[in-house]
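Trainee: Quick one: sequence plus predicted model below, questions after.
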Amino acid sequence: MTVGVLALQGNYEKHLEKLESLDCPAVLIKYPNQLSQVDGLVLPGGESTCMTLLMEKTGFHTAVSKFAKEKPIFGTCAGLVLMASESNDSRIASLNLIDVTVDRNGYGRQVHSGIHPVELKLNGHTISESSMFIRAPKITRIGGNVEIIGKMGMDPVAVRQDHHLASCFHPEMSQDSNIYSLFLEMIHSHCLANAV
């Protein structure tokens, strides 16, 4: 099982380090044809409007949309904005992978960024983590088929739908790797389910 990290913009190297720390083979994805080599994909944080432009210019928007129909994707921060079915910024070209509405930079600008406690529900257990929010998007609507797996207070900050996962925060900046372990489990289960 190999996981790709989209390497157009954002803190993609840190995601690579997290995956490798879990003994998962991981590669930086810089060209659309590399997607055929991986079983799952991480869309890192960054600047969502910039990422939209880069993905459209390089052919990644179409390639990732096609990839998502067959394999799992994990989007963090700006990655969540791209995966959301709707955002408050018309410049974002949605991949429409998770039925949520997001408010881009909903938790404030850089000056409001910081570490906040998050409760994750993983495999029937609730785990408390300290998570980094950097110009983070805020989820303002949750579709009926979306599972909330993480909350900050009453706010949903990590969600799952079908074989896709997304978070408002930057898990690559945390000491914990629980949400990466969940993503790897999702990839493994998806591979098994589609092996027949």
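Mentor: Cool, got the structure. Residues are numbered from 1 along each chain as shown.
Trainee: just for this protein, where's the confidence low?
Mentor: Along the chain, segments meeting pLDDT under 70 span 108-112, 196.
Trainee: now with 90?
Mentor: 1, 9-11, 45-49, 88-91, 104-115, 122-125, 134-135, 174-176, 191-196 (pLDDT under 90).
Trainee: ranges for the helices of it?
Mentor: For the chain, the helices defined by DSSP state H cover 12-21, 48-58, 60-68, 78-83, 178-193.
Trainee: Please work out which of those is packed deepest.
Mentor: helix 78-83 (a mean of 28; mean count of other Cβ atoms under 10 Å). Yep, even glycine has a C-beta here, placed from its N, CA and C like the rest.
Trainee: Now the terminal residues of stretch 95-104, how far apart.
Mentor: The first and final residues of stretch 95-104 sit 15 Å from each other (Cα to Cα, to the nearest Å).
Trainee: Same question for stretch 150-160.
Mentor: Using Cα to Cα, the end-to-end distance of stretch 150-160 comes to 10 Å.
Trainee: what about the closest residue to residue 130 other than its chain neighbours, distance to residue 174?
Mentor: Once flanking residues are discounted, residue 130 sits nearest to residue 115: 5.1 Å by Cβ to Cβ, 6 or more residues apart in numbering. In this view, residue 115 and residue 174 are 8 Å apart by Cβ to Cβ, to the nearest Å.
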